[in-house]
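Engineer: I would like the atomic coordinates for the input below:
(4 chains)
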Number of protein chains: 2
Amino acid sequence: MNFLSAGPTYDGDVTEAAALTATPDGASTGGPAVEPEGPSGGETGGVLARLLSGRIVAGEFRPGQRLSEAALAQRFSVSRNTLREAFRVLAEQGLLEHVPHRGVSVRSPRVADVLDIYRVRRHVETGVLARADVSHPAAARMRAAVDDADRAVEARDWVAVGTANMAFHEALVALSDSPRLLRLHRQLSAELRLAFLLIGDPQTLHGRFVARNRSVLDTLAAEGGAAAARELEDYLTESERTVLGTYARLGLS
Amino acid sequence: MNFLSAGPTYDGDVTEAAALTATPDGASTGGPAVEPEGPSGGETGGVLARLLSGRIVAGEFRPGQRLSEAALAQRFSVSRNTLREAFRVLAEQGLLEHVPHRGVSVRSPRVADVLDIYRVRRHVETGVLARADVSHPAAARMRAAVDDADRAVEARDWVAVGTANMAFHEALVALSDSPRLLRLHRQLSAELRLAFLLIGDPQTLHGRFVARNRSVLDTLAAEGGAAAARELEDYLTESERTVLGTYARLGLS
DNA sequence: TGGCGCAGATTGTTGAACAACGTGTTGCGC
DNA sequence: GCGCAACACGTTGTTCAACAATCTGCGCCA
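Structural biologist: As a prediction, the model looks like this:
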């Protein structure tokens, strides 16, 4: 049976061609950060990759889910070839998994991936923080993210809490003024978000660490980068333990 | 004038279809490293990307050179669509630069890129070294790379010196057991090699630091990771200064 | 029950075609 | 002669249809 010809099977729009005419979302949180990089452009391939990336981390395609070339090509009104170019980009970024004659699926991070992601995050974030300059513009963005998170917690808006949390850590890495570290961190965040999608429950995962963000920031201002880095390391390790615990409880990987 | 129709203009083979049937080269230096990752597979797209990657870092395509889709597709006997998939992979890795309606060209690192690459290298390599375990298998690979480099210096084989030098640093990062750090480092090395190709002169760039590799390794064994990390940091900074000096002398970027 | 083979579906890749965009050139007016 | 617009050409962006190769699920037979 060919389910491609059955139009009414879809839950959403039949096609989403309009989504490709404009940039899907800001992708980044803050204003004019470092970012002189990126595969940006105006052509469909790059736009499609960013669009898909946003949909994936938003949970529209769940971890492990297979993405059919024919179905998605029709859904976004692009050719299979153009879609495959976007697939290659996202596979290279670690969001999709490509198995040669079996197509692509949304990456489903294993325990080993979670361990590695947190190891690199600790490595990068503590290193950046230890060398950080408190007067760097990104420090103000960290402060703003903490304030946003507080407001979101008060409003019980856990999605906004998660967004503010990610903005905090991204601003933290932006302290380094390194486009490559920032890019690496974005990819790690995206991968980690897949792990969060896999285990669900954004409240406990994000909500618990809002106060600690503020604490790290205060320590940075009061005692300097080294002390803040030590605090951040403990914080990240505890976060890792929470995620791994949930993995174990759910019997994953 | 269309130089595509002029067959005898080529210096090499007219087509290189045979190059796609087998893996081009080991890509990695050592044996079974960490590497559970990678867009590997058996299909042409992935093989082609690795093949092109090897050619680029080997200097067959020079930094800044434009890569015509039609010409390369014919040269490697693949379709433009397949070639474009490989282009997207390599652009994502930072080896190629993609400008929307102007095609791809080999990335030509600017001073800002060199600064950033060395910053991240220092960040990663010193961090790994500081936490390193001397009994890790990768330490033996570091030792082997140092020995190889010595032999290559004696034989005045500067290409082999460069290879051994890169093997040393890759083994160093492998001490972390982190696939993501290793992957990041490989990309940084590839980008840095583009900078070396841009300024030429591999002898002074690689040959000067062979002895220091051994020294770092000895310090690691004798005094531990922290001391070795400090030494490596100085070493990398001096290497950076050499590269930037050459950039300035040549009036680049 | 357990393996075999077959049919259907999906991916991998190709070639041709056309639209869209950049670039260099020609020719015009000043 | 010089600046500038129109044009022609080459290249990239994208689509479509087709076919080979591979995977998957199912029925069949022993």
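
Engineer: Could I get the contacting residues of A:T15?
Structural biologist: A:74-77 (CB atoms under 8 Å, 6 or more residues apart in numbering or on different chains). The way it works is simple: take the backbone N, C-alpha and C, and place the C-beta from them, glycine included.

Engineer: want to throw these into a markdown table with neighbour count and pLDDT?
Structural biologist: Converted to a markdown table, the contacts of A:T15 look like this (neighbours: other CB atoms under 10 Å in any protein chain shown; pLDDT from 0 to 100):
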| residue | neighbour count | pLDDT |
| --- | --- | --- |
| A:Q74 | 17 | 96 |
| A:R75 | 18 | 96 |
| A:F76 | 20 | 96 |
| A:S77 | 15 | 96 |
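
Engineer: Quick check, the residue in the stretch 151-253 of chain A closest to DNA strand D?
Structural biologist: Distances between the stretch 151-253 of chain A and DNA strand D by CB to the nearest atom of the strand are smallest at A:S253, namely 19.4 Å.

Engineer: Just give the number of residues close to that residue.
Structural biologist: 15 (other CB atoms under 10 Å in any protein chain shown).

Engineer: With A:S79 instead?
Structural biologist: 12.

Engineer: Now do the same for A:V216: its pLDDT.
Structural biologist: Looking at A:V216, its pLDDT stands at 96.

Engineer: My guess is it contacts A:D234. True?
Structural biologist: No. Between A:V216 and A:D234 there is no contact, the gap being 9.8 Å when judged by CB atoms under 8 Å.

Engineer: Nearest to DNA strand D, out of the contacts of A:T15: which one, please.
Structural biologist: A:S77 (6.1 Å).

Engineer: Surely that closest one forms part of a strand?
Structural biologist: No. Under DSSP: H, G, I helix; E, B strand; the rest coil, A:S77 falls outside any strand and is assigned coil.

Engineer: show me where the stretch 101-250 of chain A has strands.
Structural biologist: Assigned by DSSP state E, counting those that start in this stretch, the stretch 101-250 of chain A shows strands spanning A:103-106.

Engineer: since we're on A:D234, how many residues are nearby?
Structural biologist: Neighbours of A:D234 (other CB under 10 Å): 12.

Engineer: ok, what's across the strand from A:S105?
Structural biologist: A:R66, A:E97 (DSSP bridges).

Engineer: Contacts only, for it.
Structural biologist: A:64-67, A:96-97, A:99.

Engineer: Tell me the spacing between it and DNA strand C.
Structural biologist: 9 Å (CB to the nearest atom of the strand, to the nearest Å).

Engineer: ok, now A:V99?
Structural biologist: Counting by CB to the nearest atom of the strand, the gap from A:V99 to DNA strand C is 7 Å.

Engineer: Ramachandran coordinates for that residue?
Structural biologist: phi -110, psi 120 (degrees, to the nearest 10).

Engineer: repeat for the one 10 residues further on
Structural biologist: According to degrees, to the nearest 10, the main-chain angles of A:P109 amount to phi -60, psi 130.

Engineer: coming back round to it: state the pair within the contacts of A:S105 that is farthest apart.
Structural biologist: A:Q65 and A:V99 (13.7 Å; CB to CB).

Engineer: show me where chain A has helices.
Structural biologist: A:44-57, A:69-75, A:80-92, A:111-130, A:137-154, A:158-174, A:179-199, A:202-207, A:210-223, A:225-250 (DSSP state H).

Engineer: Could you name the helices and strands sitting against the shortest one?
Structural biologist: So that's helix A:202-207. Based on contacts counted as 3 or more CB pairs under 8 Å, 6 or more residues apart in numbering or on different chains; DSSP states H and E, the elements that helix A:202-207 packs against are helix A:158-174, helix A:179-199, helix A:225-250.

Engineer: What residues of that helix count as buried?
Structural biologist: A:202, A:205-207 (16 or more other CB atoms under 10 Å in any protein chain shown).

Engineer: export those residues to JSON lines and tack on distance to DNA strand C and pLDDT?
Structural biologist: Converted to JSON lines, these look like this (distance: CB to the nearest atom of the strand, whole Å; pLDDT from 0 to 100):
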{"residue": "A:P202", "distance to DNA strand C": "30", "pLDDT": "70"}
{"residue": "A:L205", "distance to DNA strand C": "31", "pLDDT": "74"}
{"residue": "A:H206", "distance to DNA strand C": "33", "pLDDT": "77"}
{"residue": "A:G207", "distance to DNA strand C": "37", "pLDDT": "75"}
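
Engineer: out of those, who's nearest chain B?
Structural biologist: A:L205 (20.8 Å; CB to the nearest CB).
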